[in-house]
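J.: Provide a 3D model corresponding to the input given below.
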Amino acid sequence: MKTYQTLLLTIVILAVSCNQSAQDVAQEQQKWDEIMAVHDEVMPKMSDINRLSEDLTARVSTPDSIQMEEQKIIRNHIQGLTNAENGMMDWMGNVRQLDDVRAETDHAGVMKYLDEEKKKVDELKQQMLQSIESAETYVKNNK
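T.: Numbers count the residues shown, from 1 in each chain. Down below sits the predicted model:
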């Protein structure tokens, strides 16, 4: 009878630990999917950044027709767009794949890393959207 109880207890412990592990994996995957959803949402905006940068660069490349103050404004918009694009490219180059993070740390470490990456990608999204909106407004008002 004692062997049966020990075996049953072992099975229960394994089942609970496996279930927790499955819950951890699901939680990590959900956070990863949230991060990738933000990435996937803003990546198409890279074409907007390129289009606006080209438009503004063309405007500033004819300095005789634009006052110095106006050139400064245009260059600031170009810099904002460039910073947003570079930020996203850097993030994409540095973000570690979920399986790699899992191999190096426990669940708490994985979640901490994913929370940090979510914050970064959310900030990049805002930077991209703000720089695009600002440049589009300028272009629209200065045709």
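J.: what comes up buried for the helix or strand hosting residue 90?
T.: Per DSSP states H and E: residue 90 is located in helix 68-94. By neighbour count on 16 or more other C-beta atoms under 10 Å, the buried set for helix 68-94 is 73-74, 77-78, 80-81, 84-85, 87-88. For the C-beta atoms, the positions are set from N, CA and C on the backbone; glycine is no exception.
J.: what sits up against whichever helix or strand comes after that helix?
T.: Sequence-wise, the next helix or strand downstream of helix 68-94 (DSSP H and E) is helix 98-104. In this structure, residues lying in contact with helix 98-104 by C-beta atoms under 8 Å, 6 or more residues apart in numbering are 28-29, 32, 109-110, 113-114.
J.: what are the buried residues along the helix or strand following helix 98-104?
T.: Next along the chain after helix 98-104, taking DSSP H and E as the criterion, comes helix 107-141. Neighbour counts using 16+ other C-beta under 10 Å place 110-111, 113-114, 117, 120-121, 124-125, 127-128, 131-132, 135, 138-139 of helix 107-141 among the buried residues.
J.: any idea which of the residues you listed is closest to residue 59?
T.: residue 139 (8.5 Å; C-beta to C-beta).
J.: residues in contact with that closest one?
T.: 52, 55-56.
J.: if you set the cut-off to 10 Å instead, what comes out?
T.: By C-beta atoms under 10 Å, 6 or more residues apart in numbering, the contact set of residue 139 is 51-52, 55-56, 59, 74, 77.
J.: for residue 21, same thing?
T.: Residue 21 neighbours (C-beta under 10 Å, 6+ apart): residue 107.
J.: name the element it belongs to?
T.: helix 2-42.
J.: helices or strands up against the very next helix or strand once past that helix?
T.: Using DSSP H and E, the helix or strand that directly follows helix 2-42 along the chain is helix 45-60. Helices and strands touching helix 45-60, by 3 or more C-beta pairs under 10 Å, 6 or more residues apart in numbering; DSSP states H and E, are helix 68-94, helix 107-141.
J.: what's the distance between the residue nearest to the spatial centre of the chain and residue 136?
T.: With distances taken as C-alpha atoms, centre = their mean, residue 121 lies nearest the centre of the chain, 2.5 Å away. As judged by C-beta to C-beta, to the nearest Å, residue 121 and residue 136 stand 22 Å apart.
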